[in-house]
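Visitor: sharing a model that was predicted from the sequence below.
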Amino acid sequence: MNNPQLNKHGELQHLLSTEGLSASILFKILDKADSFLNVAEGREIKKLPLLHGISIFNIFFENSTRTRTTFEIAAKRLSADVVNLNISSSSASKGESLLDTVDNLCAMHADMFVVRHAQSGAAHLIARHVAPEIHVINAGDGRHAHPTQALLDMFTIRYYKKEFHNLRVAIVGDILHSRVARSQIHALTTLGVPEVRVIAPKTLLPGCVDKLGVRVFHDLAAGLRDVDVVMMLRLQNERMQGAILPSAQEYFKYYGLTQEKLALARSDAIVMHPGPMNRGVEIDSSVADGAQSVILPQVTFGIAVRMAVMSTLAGVG
Amino acid sequence: MNNPQLNKHGELQHLLSTEGLSASILFKILDKADSFLNVAEGREIKKLPLLHGISIFNIFFENSTRTRTTFEIAAKRLSADVVNLNISSSSASKGESLLDTVDNLCAMHADMFVVRHAQSGAAHLIARHVAPEIHVINAGDGRHAHPTQALLDMFTIRYYKKEFHNLRVAIVGDILHSRVARSQIHALTTLGVPEVRVIAPKTLLPGCVDKLGVRVFHDLAAGLRDVDVVMMLRLQNERMQGAILPSAQEYFKYYGLTQEKLALARSDAIVMHPGPMNRGVEIDSSVADGAQSVILPQVTFGIAVRMAVMSTLAGVG
Amino acid sequence: MNNPQLNKHGELQHLLSTEGLSASILFKILDKADSFLNVAEGREIKKLPLLHGISIFNIFFENSTRTRTTFEIAAKRLSADVVNLNISSSSASKGESLLDTVDNLCAMHADMFVVRHAQSGAAHLIARHVAPEIHVINAGDGRHAHPTQALLDMFTIRYYKKEFHNLRVAIVGDILHSRVARSQIHALTTLGVPEVRVIAPKTLLPGCVDKLGVRVFHDLAAGLRDVDVVMMLRLQNERMQGAILPSAQEYFKYYGLTQEKLALARSDAIVMHPGPMNRGVEIDSSVADGAQSVILPQVTFGIAVRMAVMSTLAGVG
């Protein structure tokens, strides 16, 4: 009813979070991404004129070359005009408020904002603020949400597993600080995955984790048993020192995904990671590069999914 | 005769300053911007092929994401190819001279340079140096000039007030350090505004201010009385400490624009600001967001005006 | 046979070095650049649709605005989509390995990488690693190679001297640390220049210099006598202090190119420099700006040559 992501016709107006989106909306995006994947794979023409004349602003208050690049590529393959703004080193330092910055960009007749911000809720704040013809895509806000990552993960799972209703999926690692994990859990449950597990030490789990509809494991071996999908999380370097974790080596010993541990999952289980990987910390290189890894296909699918989100928001294609 | 901004046919060759440009040239740009404004407002197609194949280099020796973005957007809406160069962190650090850098960019067959530089006169220096087929737009040089800002201000005034010949216009704030104020004053007097006032403390006025053909006020209330247009200036953060000003609070008390002060102007007076604003320093939020504020329309008009300048220089459209 | 730059049909797959490329391949690139030069000089249309839909990633692990700009301009004049990545400040700082970064960019369906890296061999490493449909251009790797610079130098020499087989060419300066010199020497000898000289103090010559098929001079006057082409090298600022060189003044005294020294070369000798120049260190301003200097035409030709390399690799045009 009062979902800030939907317009009054129930269509997607902003993509801020996978929370609160219906299975039907998620499936529509995945289906559209399917069609763009063919565009990307086809060798003749990789570019579509769907967003010609549309201005997309990548507003990154937090630096991330990789994520920015995926959105830039997706926008250019749809023939949009892309403007990259690294705000941290600019207006912010001149003391201008976030909303004044946004107002100014709106006044330049932006059509779409892709927003990355270190504070949870920044994309929602912007979406509530902008004029109704402008669309906001959350490219990661604090610990809150990273919906395009979750959508490309769902695309990847469907690509390899066809259906969601018969899967056991494990998310492994730093759930506490992960916007990716939050968005994955909402998407997986919405799409009908009957069993979502989270595997982490107690210090890396949020207090309210049981309210998310997941099974909690502290033991990696127990949690991986018979799962169809293993979704690894990146361990931020800054967690590896100090009170939360004794050391990267220690973490790897208990929560690093090795071939031996992976053997406990179903034999056709796939391994995913949002990147960038810490090899030897959360994942062993033999797994990252192994036959069950679909980590690089995730990146490819990510372009198609972002094209799908952009064209859905623009109401074309 | 020897105006570096005009070619031998008296047409605009470079836009370096509003000083020395005739009312006829200024009006031509404003009229062209009018036509582009419709392009920007129209929802169907926001892009014109006028500058297809033209290479525009944004050469920013001084960082300004916001200003760079307005030029980038304007150029892309005209289908030009845009290359952004942040020179401070590059050749300059390798010890290459400004003119060697410019020579190199000319040799890459640039068609247009948009130049921002901390030193007054930099854009003139470059304009005198380049080959005759290359056009230079000054996007702000030191304390000297910022002509596209002044032109978009003139566009804004005409948009709301229709005529210039019957206006009282007040410019408020740090006149001394402001390239914006200098360019505004030249444009206003050229376009026939009969009374231009500047309102500032003595420490923020240039010595020769009376030679500019303006009335000087040190008292905000007296200066605002019966004006049609209030043009606020940004107070640079670095002025707020040290000898020039006691504090931001003190400045706001005497020169900050509040609703109370604004009530002294004509009831239909408009309030302008070049951005980014220091809310609570030079302008109160209730004024910035109030019914008389045209600060965001200024930004929108700024894109159309920059499109007009670019296409005028390129001799198209 | 096992040349990593060629595909199984003997066609150019990557451009990593001028070493190991046949005269026929080099001439093909120069001839193609000839045709693009006309595009660049022509005032009507400077843009060709040859690479429409092609994604070119400028991956700069080492910052160089100037070199990045030349590739960006070349790609845009061929209508490619260009994405600029400054990796030093991004994934690298997150601890991701070079090859993981490359794998990710490949997975985004890049068609071409332009790579700049401080370590010799980085471009080779990447070329060996990528999928067969992806092309790598080395834009400078450590002290190893800078093949597009050498190719544009060859283009320049042919433009002014028509033939290679009757030339004496001198390369002057810091041969030891110069990837440019290495690539120039290989290209000159391959194209049939009968006499290539290197002129440098002993401290700025590699140990194995005699194996490169060049004549070594330590005296600038002796080395310049009767040459047709003088190719100056940039003296990196960091060499000017410490053990290798006493001072910039000292260097200029013995190895700086002045009008007086240049008079020892043939009267129609041309002077080249890859830029950015240290005026008064390796070259006197009167020479840099003199009648025999072709330093700025080099830059212009560089765009055409890079367009030729890109379209050759893409198999079009």
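Guide: Received, thanks. Because the structure is a prediction, the values reported are computed rather than measured.
Visitor: A:Gly315: what's its closest spatial neighbour, skipping adjacent residues?
Guide: The shortest distance from A:Gly315 to any residue that is not its chain neighbour, by CB to CB, 6 or more residues apart in numbering or on different chains, is 7.7 Å, and that residue is A:Glu11. C-beta here means a position set from N, CA and C on the backbone, and glycine is covered the same way.
Visitor: could you check how far that neighbour is from A:Ala80?
Guide: Distance of A:Glu11 to A:Ala80, given as CB to CB, to the nearest Å: 20 Å.
Visitor: cool, A:Gly275 as well?
Guide: A:Gly275 is 24 Å from A:Ala80, where distance means CB to CB.
Visitor: compare A:Glu11 and A:Ala80 (neighbour count), which wins?
Guide: Neighbour tally, A:Glu11 and A:Ala80, criterion other CB atoms under 10 Å in any protein chain shown: the higher count belongs to A:Ala80, 25 against 13.
Visitor: phi, psi of the more buried one?
Guide: With angles defined as degrees, to the nearest 10, A:Ala80 sits at phi -70, psi 160.
Visitor: contact partners for the residue nearest to it when sequence neighbours are not counted?
Guide: Nearest residue to A:Ala80 in three dimensions, chain neighbours excluded: A:Leu51, at 3.8 Å (CB to CB, 6+ apart). Contacts were defined as CB atoms under 8 Å, 6 or more residues apart in numbering or on different chains; by that measure A:Leu51 touches A:75, A:78-80, A:310-311, A:314, A:316.
Visitor: what about 10 Å?
Guide: A:Leu51 is in contact with A:74-82, A:111-112, A:307, A:310-311, A:313-314, A:316-317, counting by CB atoms under 10 Å, 6 or more residues apart in numbering or on different chains.
Visitor: mind checking which of those residues are in strands?
Guide: A:81-82, A:112 (DSSP state E).
Visitor: on that earlier part again, next one, pLDDT for the residue nearest to A:Gly315 please.
Guide: Note for A:Glu11: predicted pLDDT of 94.
Visitor: what do you get for A:Ser90?
Guide: Each residue has a pLDDT score; the one for A:Ser90 is 50.
Visitor: same question, A:Ile29
Guide: Predicted confidence (pLDDT) for A:Ile29: 98.
Visitor: mind giving me the packing neighbours of the helix or strand containing it?
Guide: Applying DSSP states H and E as the criterion places A:Ile29 in helix A:23-41. For helix A:23-41, the packing partners by 3 or more CB pairs under 10 Å, 6 or more residues apart in numbering or on different chains; DSSP states H and E come out as helix A:65-77, helix A:147-161, helix A:179-190, helix A:295-314.
Visitor: report the buried residues of that helix.
Guide: Residues A:25-26, A:29-30, A:32-34, A:36-37, A:39-40 are the ones in helix A:23-41 that count as buried (16 or more other CB atoms under 10 Å in any protein chain shown).
Visitor: now do it against helix A:295-314, angle only.
Guide: Using axes from the mean of the first three to the mean of the last three CA atoms, to 10 degrees, the interaxial angle of helix A:23-41 with respect to helix A:295-314 works out to 120 degrees.
Visitor: and the following helix or strand past helix A:23-41, which strands flank it?
Guide: Proceeding N to C from helix A:23-41, the next assigned helix or strand is strand A:55-60, under DSSP H and E. Paired with strand A:55-60 in the same sheet, following DSSP bridges, are strand A:81-86 (parallel), strand A:112-117 (parallel).
Visitor: next, the angle from strand A:55-60 to helix B:65-77.
Guide: Between the axis of strand A:55-60 and that of helix B:65-77 there is an angle of 150 degrees, by the same axes, to 10 degrees.
Visitor: centre of the chain to strand A:55-60, how far?
Guide: Strand A:55-60 has its C-alpha centroid displaced from the chain centroid by 17 Å (CA atoms, centre = their mean, to the nearest Å).
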